[in-house]
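1. I would like the atomic coordinates for the input below:
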Amino acid sequence: MIEYDDNDAISKQGACSLRKSVVGQKKPVWVRAWRSVHLGWSSVFVVLFAVLAATIATVVLLFGTLDSDILLSMAWLAFVVLVPLALAVVLSGIGGARLSRFVRPVDVAGVGRGLAVPGRGAVLYRSGTLALALLVGVSYFRWRGDEPVGPARHQLRTEIMAYFGAPIFVLFFALSVLIVNRTGISLHPDGIVQEIYRRRGWKVVRDITVVPWDKISDLQPQGHPNPAMSHPHWYPTIRVVYRGDSIESDRILVLMACEKKVEPNSLFALLLWCRDNPWAREQLGRDEARELLRPPGLFERIRTDLAASAPAAKDVVQ
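-> As a prediction, the model looks like this:
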């Protein structure tokens, strides 16, 4: 056995081994429905920023200055533009090359130190709802005293949005804080840990499932198990089959890879690697192990998607 004295060397060696195993695959397990999704969202970024810059420049040239009414109108425009931009970041995974910054070490009682798989979370939803409520309220206090101008009066609509819209948005924000359903996944040298966190106001319930690596008999990629979804293959999951307390019965744990801020193929390859390699499991307790969940680069993913879209790769598992 080769001994390493440098932790950085260990993590780099492990990351390179895992990356070679992933790149060596003829085709990915999951293929995106829109092949050029990264280039498409990049175009959305450029177009929306160009439109916003052109609008601001046009307003300045026409009016020569920006008063409070124009600034508030521009705030609405900026909000409408920033929402699809934020969704683009979440949906496309642009910037995933630095994803390891979001991967953090975690200590689970009774299991020890491991690597937490980052989830998408609800920060975007909560912040967007609160920002929209504040924007509606500020708009009401700024425009409520405006005199009606002919048939184009907007006073009634402003009051309706302030009296009903803002409280509803604030209520949604409060509910998103008081009612929480979250599933956490962490990888440890001893096995896979899934923690289901439920909060209903002040009542908190945690359900922890530990699956030892030695008891895993099969790892299967599949689509979302909910049959009511119209396109379940768009939402990848990982089916973990492991031996339970009884030798004759197998138990199943479904990892919702679609809810995690990781590339599904990278997570699946890491699980396979750790199941078959005891040395790899030991690295999960180190801080440098977060590099193991680093997805392929943007252009590498684009080339993989294009290669999987070729006629010779029509038998891709979805």
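2. dump the residue contacts of G244.
-> The contact partners of G244, taken as Cβ atoms under 8 Å, 6 or more residues apart in numbering, are D250, R251. The C-beta positions use only the backbone N, C-alpha and C, and glycine is treated the same way.
3. Let me know the distance separating it from P212.
-> G244 sits 11 Å away from P212 when distances are taken as Cβ to Cβ, to the nearest Å.
4. likewise L255?
-> To P212, L255 is 15 Å away according to Cβ to Cβ.
5. So between these two, which is more surrounded?
-> For L255 versus P212, neighbours defined as other Cβ atoms under 10 Å are more numerous around L255 (23 against 13).
6. Touching, the more buried one and V193? I think so.
-> No: in this structure, L255 is not within contact of V193 by Cβ atoms under 8 Å, at 11.0 Å.
7. so what sits against both of the two?
-> Contact criterion Cβ under 8 Å, 6+ apart; residues shared by L255 and V193: I185.
8. Okay, now the sheet partners of the helix or strand containing R182, with direction.
-> Assigned by DSSP states H and E, R182 belongs to strand 179-188. Paired strands of strand 179-188, with direction, are strand 112-117 (antiparallel), strand 191-200 (antiparallel) (DSSP bridges).
9. Show me what that strand is in contact with.
-> Outside strand 179-188, the residues that touch it by Cβ under 8 Å, 6+ apart are 106, 108, 111-117, 119, 122, 192-201, 255-256, 259-260, 270-271, 274, 284-285.
10. tell me the mean pLDDT over stretch 220-229?
-> The average pLDDT within stretch 220-229 is 78.
11. So, low pLDDT: which residues of the stretch 201-318 of the chain?
-> Scanning the stretch 201-318 of the chain for pLDDT under 70 picks out the ranges 232-233, 246-248, 294-302, 304-318.
12. Would you map the helices across it?
-> Here the stretch 201-318 of the chain has its helices, by DSSP state H, counting those that start in this stretch, at 264-276, 278-283, 298-308.
13. contacting residues for W213?
-> For W213, the contacting residues are D190, G191, I192, C274, R275, R281, by Cβ under 8 Å, 6+ apart.
14. ignore the last one, K215
-> So, once contact is read as Cβ under 8 Å, 6+ apart, K215 ends up touching G191, Y242, R243.
15. if you set the cut-off to 10 Å instead, what comes out?
-> Residues near K215 by Cβ atoms under 10 Å, 6 or more residues apart in numbering: G191, V240, V241, Y242, R243, G244, D245, D250, R251.
16. If anything else comes up later, I'll come back, but that's it for now.
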